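Colleague: Need a 3D model of the sequence below.
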Amino acid sequence: MDLAIANGRFTAVRPDIAVDATRVIEAGGRAALGGFLEPHIHLDKALLEQRMPNRSGTLSEAIRITGTLKARQQREDVLDRSRQVLDMAIRNGVVALRAQPDVDPIQGLIGVETALVLADEYRNALDLQIVAFPQEGILKAPGTLAMMERALAMGAHVVGGCPYNERTWEDTQSHVDECFRLAQRYDRPIDLHADFADDTSDRRFAAAAYIAQKTIDTGYQGRVTLGHMTSLGALPPDQAGPVIDLLRRAEVNIVTIPATDTYLGGRKDPSSPRRGLTPVAALRNAGVNVTYASNNIRNAFTPFGKVDPLQIGNLLAHVAQLGSPDDQAYVLRMATVNAARAMGIADRYGLEAGKQADLVILDTDRVANALLDLPPRLWVVKRGKVVFEAKYEAKIYK
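Modeller: This next block holds a predicted model:
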């Protein structure tokens with residue numbers, strides 16, 4: 001196939017296009033995709049692992065360490081680390097990210113302020129959505145709700161939430177309710193860190209059904225995304241089934257975080273440790289939109305990572321046992337079309353005439369080999385302009 005681009009959009013996608021062009025990329029029959037997407041990433045907390053390692057590898061220590069480091073955040077340091085992460089993303093074929101900067105009394109709004117700077121600075125190379133994310137809770141951290149409102153007024157695109165980080169189940173419900181009220185007031189989508197545990201013994205870590213019902217009751221179908229969703233994987237099928245069906249009816253998007261969740265999960269299991277993973281296959285079979293993301297890059301929550309959706313997809317395919325050709329194709333869809341739906345950009349995403357001209361060309365001749373080869377990204381194109389090319393100059397253009 002040939003791809004013709006003009007004014008930042010695909011104008012034709014068909015064999016043997018004959019037009020005059022200011023530039024022609026001869027890709028030699030290599031595989032092209034619509035550009036990878038990262039629907040859940042924390043720029044402000046990236047690349048901090050070596051400063052204060054999480055030696056126990058537990059979620060509780062990760063939260064404690066991050067709280068300590070957040071109190072020391074400096075604007076230029078946040079910008080520098082974030083730029084390193086965004087440059088990694090571009091080199092790996094990512095054309096859009098949804099960033100989750102913390103908004104709380106510890107860090108203030110430095111994460112949102114720096115993300116807004118970066119969204120403008122990188123506007124020609126990638127799209128950056130910004131979530132007002134209350135990592136420390138809302139009720140537990142007085143003043144956070146007002147800061148979230150300020151973040152939205154400043155330009156944050158999404159209302160975030162962390163309902164498990166409250167003191168009681170009642171406060172978790174109130175946290176969810178506040179997020180919905182704020183989203184409705186500002187007409188913004190919602191993206192919550194939810195159900196992040198090995199089991200469901202503590203209801204704060206198993207709020208999916210409550211959130212899904214709230215989504216239906218408020219008419220917010222299709223505009224709510226839940227990240228992690230590991231507690232759901234601990235339920236037996238007869239208990240998980242009704243929750244999954246409710247998520248489907250609510251059109252809730254799910255973002256599984258395989259690197260973080262399998263690394264942190266099962267730490268207290270003395271034998272046969274759990275994977276601590278979203279039940280991807282069950283959600284997929286039920287018709288729930290599922291995508292995946294890198295989440296954290298080299299910090300207390302995840303000491304690894306380089307913002308490479310193919311690397312994370314390969315990991316997910318292993319731990320979720322998604323190895324058949326059909327499964328591998330599904331994993332690629334998770335990082336592309338499924339992620340576009342979760343990020344609310346499905347109307348302009350994809351290799352189709354009229355869609356935004358975002359794409360990545362891989363150094364492999366078959367799309368089906370992407371997860372097998374983990375091939376270099378040779379060209380990355382954003383709105384019709386080459387922003388990275390490895391074949392010739394290995395240079396990023398911002």
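
Colleague: can you count the residues close to the closest residue to Tyr349 other than its chain neighbours?
Modeller: Spatially, and ignoring its direct neighbours in sequence, Tyr349 is nearest to Ala340 (3.8 Å; Cβ to Cβ, 6 or more residues apart in numbering). Using the backbone N, CA and C atoms, a C-beta is placed for each residue, glycine as well. The burial count assigned to Ala340 is 24, neighbours taken as other Cβ atoms under 10 Å.

Colleague: and if you look at Ala153?
Modeller: 9.

Colleague: Does it lie in a helix or a strand, and which?
Modeller: Assessed by DSSP states H and E, Ala153 sits inside helix 144-154.

Colleague: quick one: buried residues of that helix?
Modeller: Across helix 144-154, burial judged by 16 or more other Cβ atoms under 10 Å covers Thr144, Leu145, Met147, Met148, Glu149, Ala151, Leu152.

Colleague: that older thread, to the chain's geometric centre, what's the distance from the helix or strand containing the residue nearest to Tyr349?
Modeller: If you go by DSSP H and E, Ala340 is part of helix 337-342. Centroid displacement of helix 337-342 relative to its chain, using Cα atoms, centre = their mean, to the nearest Å, is 10 Å.

Colleague: Give me the contacts around it.
Modeller: 34, 36-39, 225, 253-255, 289-293, 346, 349-350 (Cβ atoms under 8 Å, 6 or more residues apart in numbering).

Colleague: Any buried residues in that helix, and which?
Modeller: Within helix 337-342, judged by 16+ other Cβ under 10 Å, the buried ones are Val337, Asn338, Ala339, Ala340, Arg341, Ala342.

Colleague: Ala21 versus the last one, what's the distance?
Modeller: In this structure, Ala342 and Ala21 are separated by 34 Å, where distance is defined by Cβ to Cβ, to the nearest Å.

Colleague: Next: the second one.
Modeller: Computed as Cβ to Cβ, the Asn338 to Ala21 distance reads 32 Å.

Colleague: likewise the third one?
Modeller: If you measure Ala339 against Ala21 using Cβ to Cβ, the figure is 30 Å.

Colleague: and Asp77, that's in a strand?
Modeller: No: counting by DSSP: H, G, I helix; E, B strand; the rest coil, one finds Asp77 to be helix, located in no strand.

Colleague: Next, count neighbours for it.
Modeller: If you count neighbours by other Cβ under 10 Å, Asp77 ends up with 15.

Colleague: who touches the residue nearest to Asp104 when sequence neighbours are not counted in this structure?
Modeller: The shortest distance from Asp104 to any non-neighbouring residue, by Cβ to Cβ, 6+ apart, is to Glu136 (4.1 Å). The contact partners of Glu136, by Cβ under 8 Å, 6+ apart, come to Gly67, Asp102, Asp104, Pro105, Ile106, Thr144, Cys162, Asn165.
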